[in-house]
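In: I would like to see how this sequence folds:
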Amino acid sequence: MFVRRLVQQTSRRLLSSSSNEILLTYPESNPGIALLGMNRPPVNAVSLSLGASLREAIAEIKSKKSLQGVILYSTTPKIFCAGADLKERLFIKEEDVPGMVRTFRLMIQDIYELPMPIICAIDGVAMGGGLELALGTDIRICSTTAKMALSETKLAIIPGGGGTQRLPRVVGVPKAKELIFTGRDVYGEEAEKIGL
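Out: Just a heads-up that it's a prediction; the model follows:
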C-alpha cells in the first residue's frame, strides 16, 4: 500500500505521544504531507490517552501552514480502528461518560475542521467509532478487504462521535438508516459503490 511505502521512507519523526499511540511524521520525499498513524495494537481502540494524543497531533498539524494534505492511517495491519475502548469504559465512572463522549466528538470535529484535505487510508476493520473517525475525513480510501460498520446499535449503544449525522451526508439518508439501524458490515467494494 502507498501509505506503508511512504512511512518506510520517512526517517524524520517530529511528534509522537509519550506512549507512541499516535505517530505524526513528515516524509522528506513528499514535503507538504503529514502522515498521522494510529499505533495502539491490537485493534487501535480509542482510549482516553489515544484521543488526547490524536487531538495533540491535530493541533500540531493545524499549526503547520505549509502542509497541503494529511493521510490518516493505522500502523496495525488489517485494522484501522475498532472504535471506543470498551474495556477502559468499564472503569470510568458513569458521571464521567458524557465528558468522554464529548471529547471523542471534539476529536473527530478537530479532524473535520482541518484547513487542508485529510485522506483516511482504511486497510482493515473500521467499526463503530473507527468508522465515525473515518467519516470525519475528506476522502476515504479502503482496501477491498476493509470492513466498516456503525456497530454500536448491535450493542444497544447510540453512535456518539457524529456518525449518525455524517453518514447520511455521505451515502444518503435511506442507505444511512439501513446501516445505522442494522449495524450491518460493509466491505470495500460495496463501500465504493455506495460512496462511503
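In: Now do the same for the nearest residue to Asp110 once chain neighbours are set aside: its pLDDT.
Out: Take Asp110 and drop its neighbours on the chain: the residue closest to it by CB to CB, 6 or more residues apart in numbering is Ile58, 4.5 Å away. Quick note: C-beta positions are derived from backbone N, CA and C, even for glycine. Per-residue pLDDT puts Ile58 at 94.
In: Ile58 and Tyr112 touch, don't they?
Out: No. Here Ile58 does not reach Tyr112: they are 10.1 Å apart, not a contact under CB atoms under 8 Å.
In: who's more crowded, the two?
Out: Ile58 (24 against 14; other CB atoms under 10 Å).
In: check contacts around the more buried one.
Out: In this structure, Ile58 makes contact with Leu36, Met107, Asp110, Ile111, Leu114, judged by CB atoms under 8 Å, 6 or more residues apart in numbering.
In: what packs against the helix or strand containing the fourth one?
Out: When secondary structure is defined using DSSP states H and E, the element that contains Ile111 is helix 97-112. Helices and strands touching helix 97-112, by 3 or more CB pairs under 8 Å, 6 or more residues apart in numbering; DSSP states H and E, are helix 48-63, helix 129-135.
In: That one versus helix 48-63: what angle between them?
Out: On the basis of axes from the mean of the first three to the mean of the last three CA atoms, to 10 degrees, helix 97-112 is oriented at 30 degrees to helix 48-63.
In: Of all residues in this protein, which one is nearest the centre?
Out: In the chain, the centroid-proximal residue (CA atoms, centre = their mean) is Leu133; its distance is 3.5 Å.
In: Quick check: that residue touching Ile108?
Out: Yes. Counting by CB under 8 Å, Ile108 is a contact partner of Leu133 at 5.9 Å.
In: Please settle this for me: is Cys120 part of a helix?
Out: No. Going by DSSP: H, G, I helix; E, B strand; the rest coil, the assignment for Cys120 is strand, not a helix.
In: Tally up the residues packed near the nearest residue to it once chain neighbours are set aside, please.
Out: Nearest residue to Cys120, sequence neighbours excluded (CB to CB, 6+ apart): Thr137, at 4.0 Å. Close neighbours of Thr137, defined as other CB under 10 Å, add up to 22.
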